[in-house]
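A.B. asks: Make a model of this:
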Amino acid sequence: LNLHHPTFRHDTKKGALLFNSGYDANLSILSSIPINHDFIIMDELVHNSLIMGIKMSRMPLDQVLTFRHNNVTDLNRILESIKMIQQKRQRKQKGNVHNMGRKRNEDGEILIVVESVYSMDGDIAPLELILDLAYTYQANVIVDEAHGLGVFGCTNICNMSLQHKHKQNHKRNNKETDKNTDNETQFVKQKGGTGVLSAMGLESHPALLAAIYTFGKAAGCHGAVIIANQVVIQYLINYARPFVYSTSLPPHSLWTIKCAYDTFTSDDGDILRKEVFRLVRLFRENLLTLIQMIRNNDDDGDDDDDDNVSNEQILLPSPSPIQAIMCRGNESCIRVSTILRNEGHFVVYPIRSPTVPLGQERIRIIIHTHNTEEQVLQLV
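C.D. replies: Numbering: from 1, shown residues only. Model prediction:
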């Protein structure tokens, strides 16, 4: 079975390594690649598996930094501060004969860790800005595409924005991409469902170290794959403990993954995505209208903290099928989800602290293609 990500089949410099789960894949890459002198900068909302992978690594935790969610300006600030630290290291190492001939950058490599679609907020990372910024600082980026695979791709770029404006797939102008003009490459570029990186034409960005694609979300099965250059793949085969010391996926899981790929990269996949995003828009438009109507009718004249809260702070601005309604306080969150489950028979979950920061508890809703318009309106 050829389980390489379809986007990379034409790129002989890319390799793929299959894992039992997205959690194992994230643990593997982040526990094995960073070493003592390196720096990791991660978005403050990255998944627990990425954080745990970093904690398993050989680098000191005081060299792990976070930037404000999807805030490229804050990321730039941190990169600039690391650059100053690297310059100090260079001055100390200058003239040290013991460092001559060392292949690894003793100033410390920089890894930036992000998700393409965030699991609790449902919003999309500004990947092009992050990758371009990383390139200027000679940093490398690891992207977790768990919630992007199967949902976004070259055929539904317009769904990546709440404004629903169609955007052209801007393939980057690099020589390697320009050379690949054979029929297979042209066929692959048209495929849908291959993730946010594919939709934005960023799979071959020079700052992209690796992308992790998880099959436990839209694909509906087990496993994950890391796509990276052959050097990284061979390194993981030898040093990634969750990979080395675990049993591989059984054959029926591999066939399930292949069938899922075939479905969401087909015309049927495009039809399913069109329907799910129609339901997403239906949900958001009706709920936001209802929220505004309730607020307009609330004319008791009391000074209420809610008056300073925008509608998008109640229903988070997510273009994806992951929708989150803020419901502060663990008890309130549990009470609302229980009512929805018992009275409406809706399977929605309370996301409580410490899974999310205190005060950011929410009801997390996932809209599926099998949901009906009537169910969506009833939920509203």
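A.B. asks: can we go C-alpha only for contacts and neighbour counts from here?
C.D. replies: Noted.
A.B. asks: give me the beta-bridge partners of the residue nearest the centre of the chain?
C.D. replies: Residue closest to the mean C-alpha point of the chain, counted by CA atoms, centre = their mean, is residue 115 at 2.4 Å. According to DSSP bridges, the partner residues bridging residue 115 are residue 144.
A.B. asks: Enumerate every residue touching it.
C.D. replies: Residues counted as contacts of residue 115 (CA atoms under 8 Å, 6 or more residues apart in numbering) are 46, 124, 125, 143, 144, 145, 146.
A.B. asks: same deal with residue 288?
C.D. replies: 311, 315.
A.B. asks: Show me the contact partners of stretch 324-344.
C.D. replies: Residues contacting stretch 324-344 (CA under 8 Å, 6+ apart): 120-122, 313-316, 318, 346-353, 358-365, 378-379.
A.B. asks: actually stretch 241-251, not the one I typed
C.D. replies: With CA under 8 Å, 6+ apart, stretch 241-251 has contacts from 19, 20, 24, 25, 27, 28, 32, 223, 236, 237, 238.
A.B. asks: Tell me which residues of it come out buried.
C.D. replies: By neighbour count with 16 or more other CA atoms under 10 Å, stretch 241-251 contains the buried residues 241, 242, 243.
A.B. asks: Now do the phi/psi pair for the last one.
C.D. replies: Dihedral angles phi and psi of residue 243 (degrees, to the nearest 10) take the values phi -80, psi -50.
A.B. asks: okay, it: pLDDT?
C.D. replies: Per-residue confidence (pLDDT) for residue 243: 95.
A.B. asks: and the gap between it and residue 233?
C.D. replies: Computed with CA to CA, to the nearest Å, the distance linking residue 243 and residue 233 is 11 Å.
A.B. asks: and residue 110, how many neighbours?
C.D. replies: 22 (other CA atoms under 10 Å).
A.B. asks: thought it was touching residue 41?
C.D. replies: Yes: shown here, residue 110 and residue 41 form a contact pair, counting by CA atoms under 8 Å, at 7.5 Å.
A.B. asks: Look up how far residue 69 lies from residue 118.
C.D. replies: Residue 118 sits 10 Å away from residue 69, going by CA to CA.
A.B. asks: cool, residue 292 as well?
C.D. replies: 27 Å.
A.B. asks: neighbour-wise, which of these two wins?
C.D. replies: Between residue 292 and residue 69, counted using other CA under 10 Å, the more crowded position is residue 69 (16 against 13).
A.B. asks: looking at this, that one is in a strand?
C.D. replies: No: counting by DSSP: H, G, I helix; E, B strand; the rest coil, residue 69 is not found in a strand; it is coil.
A.B. asks: give me every residue that touches the closest residue to residue 372 other than its chain neighbours.
C.D. replies: Here the nearest residue to residue 372 in space, its sequence neighbours aside, is residue 279; by CA to CA, 6 or more residues apart in numbering that works out to 7.9 Å. Shown in contact with residue 279 (CA under 8 Å, 6+ apart): 367, 372, 373, 376.
A.B. asks: Quick one: buried ones out of these?
C.D. replies: 367, 376.
A.B. asks: Among the contacts of residue 279, list the two that are farthest apart in space.
C.D. replies: Between any two of the contacts of residue 279, the greatest separation by CA to CA is 10.7 Å, found for 367 and 373.
A.B. asks: Could I get the contacting residues of residue 266?
C.D. replies: Here residue 266 is in contact with 191, 192 (CA under 8 Å, 6+ apart).
A.B. asks: so what's it scoring on pLDDT?
C.D. replies: At residue 266, pLDDT is 94.
A.B. asks: Phi and psi next, for it.
C.D. replies: Phi and psi for residue 266, reported as degrees, to the nearest 10, are phi -100, psi 180.
A.B. asks: From residue 154, how far off is it?
C.D. replies: 12 Å.
A.B. asks: Report the next helix or strand after the longest helix that the chain contains in sequence order.
C.D. replies: For the chain, the helix with the greatest residue count under DSSP state H is helix 267-297. Note on helix 267-297: by DSSP states H and E, the next helix or strand toward the C-terminus is strand 322-326.
A.B. asks: Can I get that following strand as CSV, trimmed to CA atoms?
C.D. replies: Coordinates of each C-alpha in strand 322-326 appear next as CSV, following Å, rounded to 0.1, in the frame of the first residue of the first chain:
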residue,chain,number,x,y,z
ILE,A,322,-15.4,22.8,15.1
GLN,A,323,-17.7,25.4,16.8
ALA,A,324,-17.3,26.6,20.3
ILE,A,325,-19.8,28.5,22.5
MET,A,326,-18.2,30.1,25.5
